[in-house]
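>>> give me the fold of what follows.
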Amino acid sequence: QVQLVESGGRLVQAGGSLRLSCAVSGLTFNNYNMGWFRQAPGKEREFVASIFRSGTSTYYADSVKGRFTISRDNVKKSVYLEMNSLKPEDTGVYYCGASSGSLSRRSSEYRYWGQGTQVTVSL
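Below you'll find the predicted structure:
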């Protein structure tokens, strides 16, 4: 059974930092590209960042470039999202996803998803 479990979300003030984690089990982790997406109330799920199987390539949405860093630990079977200089518009439920295809920013490319973790950024 494949499981992706996100953690680390909470309420934080604007300008603050958070580190999200996603622990993965039930699949061969280093065969999968991993991505972080987020969904704000009333909006569609949007791409945040993705990382290649080996960790050698990463992609970011323009809105988070320079503020967020995605990383992975293939031994611990985990992927992380370091978020700095947080803004109220970063508020949403953050999901991690696993893709066996190409390194993509399309949510349809991700086969497995976690349940999400809530990030709320206040002024």
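>>> and the pLDDT for Leu11?
Leu11 carries a pLDDT value of 98.
>>> count the neighbours of it for me.
12 (other C-beta atoms under 10 Å). Placement of C-beta: from N, CA and C, glycine included.
>>> kindly check the end-to-end length of stretch 83-94 for me.
Start and end residues of stretch 83-94 are separated by 12 Å (C-alpha to C-alpha, to the nearest Å).
>>> identify each buried residue in that stretch, please.
Met83, Leu86, Asp90, Thr91, Gly92, Val93, Tyr94 (16 or more other C-beta atoms under 10 Å).
>>> one more: stretch 3-10?
For stretch 3-10, using 16+ other C-beta under 10 Å, the buried residues are Leu4, Glu6, Gly8, Gly9.
>>> what secondary structure does the first one sit in?
If I follow you right, that is Leu4. strand (DSSP: H, G, I helix; E, B strand; the rest coil).
>>> now do the contacts for the nearest residue to it once chain neighbours are set aside.
Distances taken as C-beta to C-beta, 6 or more residues apart in numbering put Gly114 closest to Leu4, at 3.6 Å, once the chain neighbours are dropped. Contact partners of Gly114, counting by C-beta atoms under 8 Å, 6 or more residues apart in numbering, are Gln3, Leu4, Val5, Glu6, Cys22, Tyr95, Cys96, Gly97.
>>> before we move on, back to that, which one of the buried residues of stretch 83-94 sits closest to Phe29?
Tyr94 (19.0 Å; C-beta to C-beta).
>>> tell me the phi and psi of that closest one?
Phi and psi for Tyr94, reported as degrees, to the nearest 10, are phi -100, psi 130.
>>> tell me the SS of the nearest residue to it once chain neighbours are set aside?
The shortest distance from Tyr94 to any residue other than its chain neighbours is 4.9 Å, reached at Arg38 (C-beta to C-beta, 6+ apart). For Arg38, the assignment made with three-state DSSP gives strand.
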